[in-house]
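Pasted the sequence and its predicted model underneath.
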Amino acid sequence: MRVRKSPLTVASVPPNARTASAYPPLNLEVHTPRLSLLGATDDLLEQLVPVVREGVVKEPPWPFDDPISHYKDGPEREWAWLRAIWAGRGRVTEGFWRLYFVVFLYGRPVGVQDLIGTNFSKFGTVDTFSWLSAESRGQGVGKEMRQAILHLAFEGLGARQADSAAFVDNIASNRVSQALGYEPNGMDWDTRRGDPAELRRWRLTRDQWRRTRRDVITLKGVAACLPVLGIPTPRAR
């Protein structure tokens with residue numbers, strides 16, 4: 001069943017935060033009534049640093065081994081996080097790319113949302129990754145972030161399938177997948193804090209996404225981004 005349409009009120013974006021870049025992925029924008037997902041320029045990453053600084057996870061459930069949640073307090077953690085994004089932004093081929101977004105809630109930076117394509121031009125599948133500040137959790141923001149990035153994947157890029165994974169004790173993430181129509185797709189393993197832990201995998205096909213898609217989401221800058229990622233016109237696929 002389709003979600004009922006309602007007027008779109010774009011979430012406020014921080015003033016003077018968007019200077020057009022010569023690199024199209026940094027101009028990408030996804031807007032919902034509450035949220036703005038903006039291509040992660042260095043200026044926007046700087047705005048998010050104080051949030052990252054407060055985001056060390058100190059008790060279970062433990063997240064993925066990622067500098068945004070782990071490492072000791074101090075500048076080394078922020079440097080590791082920034083270096084990971086800089087390296088990822090520069091690694092773009094037809095076989096692999098990762099789009100990084102800073103998430104703003106009513107104009108305030110609260111997290112990150114990534115979209116990852118591996119052999120996307122062949123298979124049309126994507127993975128998602130997100131991180132949200134502790135104070136913004138429990139308000140449906142994580143679900144809305146996922147809906148926004150799925151809209152970019154399916155409506156903007158013409159994806160066939162979106163995959164997701166979460167540790168079995170990450171109840172919030174697994175519930176988001178269930179609520180958005182994902183179906184179970186087996187189990188897997190990854191490490192956190194250096195120890196192996198079991199993952200629950202999910203998948204969402206285009207047809208499944210259509211049943212729960214939200215029409216109050218807008219995209220900006222997609223057409224200019226397609227050739228950078230080696231993606232043909234979505235309609236042609």
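Okay, I see it.

Quick check: closest non-adjacent residue to residue 51.
Residue nearest to residue 51 in three dimensions, not counting chain neighbours: residue 133, with 5.0 Å by Cβ to Cβ, 6 or more residues apart in numbering. Where you see a C-beta, it was placed from the backbone N, CA and C, and this is true even at glycine.

so who does that neighbour touch?
Residue 133 makes contact with 51, 54, 55, 110, 111 under the criterion Cβ atoms under 8 Å, 6 or more residues apart in numbering.

element containing residue 228, please.
Assigned by DSSP states H and E, residue 228 falls within helix 222-229.

just the helices in the protein please.
Under the criterion DSSP state H, the chain contains helices at 42-53, 75-90, 120-123, 141-151, 171-179, 206-212, 222-229.

Tell me what the residue nearest the centre of the chain is bridged to.
For the chain, the residue sitting closest to the mean C-alpha position, by Cα atoms, centre = their mean, is residue 113 at 2.5 Å. Residue 113 has the following beta-bridge partners by DSSP bridges: residue 101, residue 130.

wait, it sits on residue 105?
No. Checked against Cβ atoms under 8 Å, the pair residue 113 and residue 105 is beyond contact range at 11.8 Å.

ok now stretch 18-37, how far from the chain's centre?
When distances are taken as Cα atoms, centre = their mean, to the nearest Å, stretch 18-37 is centred 13 Å away from the chain's centroid.

actually stretch 36-44, not the one I wrote
12 Å.

so how far is the first residue of that stretch from its last?
Terminal residues of stretch 36-44 lie 12 Å apart, using Cα to Cα, to the nearest Å.

Just the buried positions in it, please.
Applying a neighbour-count criterion of 16 or more other Cβ atoms under 10 Å, the buried positions in stretch 36-44 are 36, 37, 38, 39, 40, 41, 44.

what's the answer for stretch 160-170, then?
For stretch 160-170, a neighbour-count test (16+ other Cβ under 10 Å) marks 161, 162, 163, 164, 165, 166, 167, 170 as buried.

now stretch 115-123
Neighbour-count burial for stretch 115-123, with 16+ other Cβ under 10 Å as criterion, is recorded at 115, 116, 117, 120.

how far does stretch 117-129 stretch from start to finish?
Stretch 117-129 has an end-to-end distance of 12 Å (criterion: Cα to Cα).

residue contacts, the residue nearest to the centre of the chain?
Under the criterion of Cβ under 8 Å, 6+ apart, the contact partners of residue 113 comprise 37, 101, 103, 128, 129, 130, 145, 146, 148, 149.

Give me the residue ranges of the chain where confidence is low.
Within the chain, the segments meeting pLDDT under 70 span 1-17, 55-73, 234-237.

Could you give the number of residues near residue 19?
A total of 9 residues lie near residue 19 under the criterion other Cβ atoms under 10 Å.

For it, give me its contacts.
Counting by Cβ under 8 Å, 6+ apart, residue 19 touches 41, 43.

Fine by me, we can end here.
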